[in-house]
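Chemist: one predicted model, sequence on top.
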Amino acid sequence: MNEKQAANLSGLPAGINRRDFLKFCSVMAASMGLPFSMAPRIAEAFTSPRRPSVIWLSAQECTGCTETLLRADHPDLAKLILDLISLDYSDTLNSGAGHQAEAFREKMIAENDGKFILVCEGSFPVKDGGIYCQIAGKPVVDILKETAPRAAAIIAIGSCASWGGVPSASPNPTGATAVDRIITDKPVINIPGCPPNPYNFLSTVLYYTTFKKLPELDDKGRPKFAYGRLIHENCERRPHFDAGRFAEKFGDEGHRKGWCLYKLGCKGPETFNNCSTLRYNDVGVWPVNIGHPCFGCSEKGVGFAEPLFSPARPTYITTPTQFVKARSDEGAGGKTLAAATVGAAVGAAAVAAGVSLGKKDKGDGEG
């Protein structure tokens with residue numbers, strides 16, 4: 001899209017200059033695996049005077065998914081997020097309360113019947129009739145069952161809504177259950193993470209509002225553009241894995257030097273997400289680059305289901321998309337190991353003794 005095309009757009013959010021807006025639309029197209037030629041359509045969706053109505057239900061959760069969406073570091077992008085949708089109901093952000101809020105939810109559902117987007121945050125308890133989480137004296141699972149059939153699209157945001165998360169951990173006394181285990185007669189888009197990157201949610205909503213259809217999903221209901229690659233493939237510590245250099249414990253020499261965290265329980269080799277490329281807080285941070293292993297929050301049957309210290313079970317070892325040379329520990333004049341050649345074999349050998357590198361069957365884990 002050029003400046004002339006952008007000049008024809010109306011409804012550009014206040015405070016957003018057109019040049020930055022065009023760049024943003026192009027970046028969003030790329031993040032969804034779309035050609036740059038799709039940027040004009042994305043821009044039209046952003047500037048449409050008719051924002052899609054969103055009903056946001058909160059169940060058993062910590063509100064972290066809402067917080068991550070609201071705390072984008074760049075105000076302009078945060079404004080774009082809020083201008084993209086019409087958030088008509090949210091337990092966290094409602095301006096009204098009590099009967100007023102519930103009456104407005106019912107009114108918005110009726111006015112947008114078959115057109116609104118239902119966003120679910122948190123797991124839904126089903127034991128004992130769902131009495132362990134209620135809104136206005138009504139089990140939230142019943143509200144979900146009544147609302148979902150009337151929605152145009154359903155998004156489960158966060159690992160609790162996608163898999164069951166923390167509330168579903170053994171012994172799961174409330175019967176905490178994922179959305180797609182309750183709503184089985186229509187597609188549910190899972191955006192797992194604890195919390196998920198807000199731009200994965202934004203991109204999903206933007207894709208739907210632009211093309212009026214769901215993005216391509218994997219076999220776990222996750223958008224492939226965000227969850228199509230293993231975190232391990234593009235991790236900045238990947239060259240150390242390939243070279244067979246691992247931190248043995250927190251604070252040791254390898255940990256201080258940024259070596260691979262596999263032996264500390266990093267689940268990156270079996271977790272699909274774009275954390276290592278998109279990162280968080282608009283300043284390029286994520287757990288691994290600040291020294292903490294990935295614990296697989298976005299992977300069903302891994303995060304919240306396996307001990308944090310247990311070694312990952314790599315589904316497969318692949319070459320990274322970028323070939324980074326890793327220096328050996330022989331000093332500044334030492335030789336280098338190419339990640340795509342010797343390194344991959346060394347890294348695989350380092351974990352192969354106790355880990356199967358083939359495709360494996362994992363239990364469902366969380367609800």
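Modeler: Here it is on my side, so go on.
Chemist: give the buried residues for stretch 252-260.
Modeler: Of the residues in stretch 252-260, 254-255, 258-260 count as buried by neighbour count, 16 or more other CB atoms under 10 Å. In short, each C-beta sits where N, CA and C put it, glycine included.
Chemist: ah, wrong one, I meant stretch 195-213
Modeler: Buried residues in stretch 195-213 (16+ other CB under 10 Å): 195-210.
Chemist: which of the buried residues of stretch 252-260 sit farthest apart?
Modeler: Greatest spatial distance among those (CB to CB): H255 and C260, at 10.0 Å.
Chemist: so what sits against both of the two?
Modeler: Residues within reach of H255 and of C260 at once, by CB atoms under 8 Å, 6 or more residues apart in numbering, are A247.
Chemist: how near is K127 to R105?
Modeler: 25 Å (CB to CB, to the nearest Å).
Chemist: likewise for N190?
Modeler: Taken as CB to CB, the span from N190 to R105 is 23 Å.
Chemist: next: L278.
Modeler: Going from L278 to R105 by CB to CB gives 32 Å.
Chemist: out of these two, which sits in the busier spot?
Modeler: Set L278 next to R105 and count neighbours by other CB atoms under 10 Å: R105 wins out with 23 against 16.
Chemist: so the more buried one is in which element?
Modeler: helix 98-111 (DSSP states H and E).
Chemist: pLDDT of that helix, averaged?
Modeler: Across helix 98-111, pLDDT averages out at 92.
Chemist: send me that helix as CSV with only the CA atoms.
Modeler: C-alpha atoms of helix 98-111 as CSV (Å, rounded to 0.1, in the frame of the first residue of the first chain):
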residue,chain,number,x,y,z
GLY,A,98,-24.1,-6.2,38.8
HIS,A,99,-27.4,-6.4,37.1
GLN,A,100,-26.5,-3.5,34.7
ALA,A,101,-23.5,-5.3,33.3
GLU,A,102,-25.4,-8.6,32.9
ALA,A,103,-28.3,-6.9,31.2
PHE,A,104,-25.9,-5.2,28.8
ARG,A,105,-24.2,-8.5,27.9
GLU,A,106,-27.6,-10.0,27.0
LYS,A,107,-28.5,-6.9,25.0
MET,A,108,-25.2,-7.0,23.0
ILE,A,109,-25.6,-10.7,22.3
ALA,A,110,-29.1,-10.1,21.0
GLU,A,111,-28.1,-7.2,18.8
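Chemist: relative to T210, how far out is the nearest residue to M28 once chain neighbours are set aside?
Modeler: The shortest distance from M28 to any residue other than its chain neighbours is 5.6 Å, reached at I42 (CB to CB, 6 or more residues apart in numbering). Computed as CB to CB, the I42 to T210 distance reads 5 Å.
Chemist: shared neighbours, these two?
Modeler: Shared contacts of I42 and T210 (CB under 8 Å, 6+ apart): none.
Chemist: can you map out the strands along the chain?
Modeler: Ranges of strands within the chain are 53-58, 86-90, 117-121, 124-125, 134-135, 138-139, 153-157, 176-177, 189-191, 325-327, 336-338, based on DSSP state E.
Chemist: show me what the third one is packed against.
Modeler: Put plainly, it is strand 117-121. With contacts defined as 3 or more CB pairs under 8 Å, 6 or more residues apart in numbering; DSSP states H and E, the packing partners of strand 117-121 are strand 53-58, strand 153-157, helix 159-163.
Chemist: can you put the ones you listed in TSV and add mean pLDDT, distance to L93 and mean neighbour count?
Modeler: Output for those, formatted as TSV (pLDDT from 0 to 100; distance: least, CB to CB, whole Å; neighbours: other CB atoms under 10 Å):
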stretch	mean pLDDT	distance to L93	mean neighbour count
strand 53-58	92	8	22
strand 153-157	96	14	26
helix 159-163	95	17	32
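Chemist: okay if I get these as a markdown table plus distance to N94?
Modeler: Below are the helices and strands packed on strand 117-121 laid out as a markdown table (distance: least, CB to CB, whole Å):
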| stretch | distance to N94 |
| --- | --- |
| strand 53-58 | 9 |
| strand 153-157 | 17 |
| helix 159-163 | 19 |
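Chemist: distance of V302 from K220?
Modeler: Relative to K220, and taking CB to CB, V302 is found at 12 Å.
Chemist: tell me which of those two has more neighbours.
Modeler: Neighbour count, other CB under 10 Å: between V302 and K220, V302 has more, with 24 against 16.
Chemist: that one touches P269, doesn't it?
Modeler: No. With contact defined as CB atoms under 8 Å, V302 does not reach P269; the gap is 10.5 Å.
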